[in-house]
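Trainee: Return a 3D structure for these sequence lines:
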Amino acid sequence: MEIKLQPICRPSGSRVDFGAELSGIDVETMSDDEFHILRQALYENQVLVLRNQMSLSPRRQYELTRRFDPAAGVYSHGKSIDKRSVLHADLTTVPDQPQVQVIGHGFVKEYEGLSDVQLNHPHHKAFHKSPIPTDENEDFTHFYRWHIDSAMYDLDPPLVTSLLAVQVPKGRRQTCRYDDGTDATLEVPLGTTAFFSGYRLYEILSDEDKWFVRTSKVEYAPHPYIWMSKAKSRSNGLGIVSEGLELPDEEMPSFEASKIKTYPMAWKNPVTEKLAMMVYPTCVRKIHLENGEVLDNLPEIRERLYRLQRPGIDPCYIYPHDWEEGDLVLFNNHGVMHSIVGSFRDDEVRIFRQCNMAASRPPIGSTDCLSTI
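Mentor: Here you go, the predicted model:
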């Protein structure tokens, strides 16, 4: 079978410059040469769609995902998730493959060793400061949270995430409203996964802002998903509203200073060497400047990051994937950010499998980036 790579379908007016569909490779039996083609395609296109992969087992999905980082092996959030974490209700582990999670919505009688499972698609009303009114949820939605798949404490962000669509409700579309002081909206398929490119975000920054991003680092909060558990998000999903609701250290689980993560703002693509602005705004606690100064005024930090990142989520830069059953999507977790989207009815059942593992190395950036500029 001939290997083919073609760009994803983009609507008129889109300025999305990433994403491709790959065909002609059997991911369960591919050779090293074929994997090299797949890896090259992923890092050149950031989001890779492979159709008709319904037969892929959790074990094979894990093996494929780990092939991008053979020294990895632990699920990105560790072996267990604290019940106080904002992620706790969203993930259900496949019993025989702990690196693979079942995510989605609705009641599932039986699937991959699980029985009588109630899946919960995260709804923005539980996390946003100003959610869409309940009587408008059928037609309108918000981006839930723009994020990088990562614990952001102790463990490093996975290199690659894989998502497999097992059951997909069809027939409905929604309008994603930004509700951020602009009239921005985006028509999206029900339950889409939306992506934006950190590379494009970096490209559209001013020269002054590019220098700031290249030379600065962000320090993330310890146990960030517990730290933020009482805080609320902006309506476009890009960061937290500053109301002083983050948990103080004395109310947090114990943590080790050596496990707190500080990463550069600019991450380098291992194939193209392009720079992406990759900052997870909801988890950030401090900024470290090139001159050694540390910024710790959280409201000011959030406003500064929001000014830098908000242009990257303009509707023209967003790719909302229109899921079909059997779609396997691989994405460069060090180059694109993504968000859950959508409001499901109780009778709409959605089943997906997600696999990613804490990376065997931190993101490439900072001095590595500066040496190539």
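
Trainee: now the helices for this structure?
Mentor: Secondary structure of the chain (DSSP state H): helices located at 32-45, 58-66, 198-203, 207-215, 224-227, 298-309, 367-370.

Trainee: quick one, the fourth one and helix 298-309 angle?
Mentor: Calculated by axes from the mean of the first three to the mean of the last three CA atoms, to 10 degrees, helix 207-215 forms an angle of 120 degrees with helix 298-309.

Trainee: quick one on the thing from earlier: which stretch among the helices of the chain is buried most, on average?
Mentor: helix 224-227 (a mean of 24; mean count of other CB atoms under 10 Å). (C-beta placed from N, C-alpha, C; glycine too.)

Trainee: Let me see the contact set for L56.
Mentor: 27-28, 64, 164, 328 (CB atoms under 8 Å, 6 or more residues apart in numbering).

Trainee: Buried only: go through the residues you listed for me.
Mentor: Neighbour counting over the contacts of L56 (16 or more other CB atoms under 10 Å) leaves 27, 64, 164, 328 as the buried ones.

Trainee: Let me know the closest of these to E34.
Mentor: Set against E34, the nearest of the buried ones among the contacts of L56 by CB to CB is V27 (8.8 Å).

Trainee: surely that closest one meets Q53?
Mentor: Yes - when contacts are counted by CB atoms under 8 Å, V27 is listed as touching Q53 (6.7 Å).

Trainee: if I look at the two, which residues touch both of them?
Mentor: The contact sets of V27 and Q53 overlap at L328 (CB under 8 Å, 6+ apart).

Trainee: Switch the buried ones among the contacts of L56 over to TSV; also include pLDDT and distance to E290.
Mentor: Below are the buried ones among the contacts of L56 laid out as TSV (pLDDT from 0 to 100; distance: CB to CB, whole Å):
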residue	pLDDT	distance to E290
V27	93	43
L64	97	39
L164	98	42
L328	98	41
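
Trainee: I'd like the residues you listed as TSV, with distance to P281 appended.
Mentor: Formatted as TSV, those follow (distance: CB to CB, whole Å):
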residue	distance to P281
V27	33
L64	30
L164	28
L328	29
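
Trainee: Can you flag which of those belong to strands?
Mentor: Here DSSP state E is the test, and the buried ones among the contacts of L56 give 164, 328 as lying in strands.

Trainee: closest to R15 among the buried ones among the contacts of L56?
Mentor: Out of these, the member with the shortest distance to R15 (by CB to CB) is L328, at 25.9 Å.

Trainee: so who does the closest one touch?
Mentor: L328 is in contact with 27, 49-51, 53, 56, 61, 162-165, counting by CB under 8 Å, 6+ apart.

Trainee: So in terms of bridging, what pairs with it?
Mentor: Beta-bridge pairing for L328 (DSSP bridges): L50, L164.

Trainee: and which of the contacts of L328 is nearest S197?
Mentor: For the contacts of L328, the nearest to S197 is V49 (15.5 Å; CB to CB).

Trainee: The closest residue to that closest one other than its chain neighbours and S233: what is the separation?
Mentor: Residue nearest to V49 in three dimensions, not counting chain neighbours: E21, with 4.5 Å by CB to CB, 6 or more residues apart in numbering. To S233, E21 is 32 Å away according to CB to CB, to the nearest Å.

Trainee: Pick out whichever of these two has more residues nearby.
Mentor: More crowded of E21 and S233, by other CB atoms under 10 Å: S233, with 25 against 19.

Trainee: May I have the beta-bridge partners of that one?
Mentor: Beta bridges link S233 to H128, I240 when assigned by DSSP bridges.

Trainee: wait, isn't it in contact with L245?
Mentor: No - the pair S233 / L245 is not scored as a contact, 11.4 Å apart, by CB under 8 Å.

Trainee: Please determine how far R51 is located from K4.
Mentor: From R51 to K4 the distance is 11 Å (CB to CB).

Trainee: hang on, the earlier thing: distance to Q354 added to the helices of the chain, as CSV?
Mentor: Shown next, in CSV, are those (distance: least, CB to CB, whole Å):
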stretch, distance to Q354
helix 32-45, 17
helix 58-66, 9
helix 198-203, 20
helix 207-215, 29
helix 224-227, 16
helix 298-309, 24
helix 367-370, 29
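
Trainee: Show me the one of the ones you listed that comes nearest F127.
Mentor: Nearest to F127 among these is helix 224-227; the distance by CB to CB comes to 11.2 Å.

Trainee: Parallel or antiparallel, list what pairs with the lengthiest strand in the chain.
Mentor: Assignment by DSSP E gives strand 97-111 as the longest strand of the chain. Strand 97-111 sits in its sheet next to strand 92-94 (antiparallel), strand 114-119 (antiparallel), strand 350-355 (antiparallel), going by DSSP bridges.
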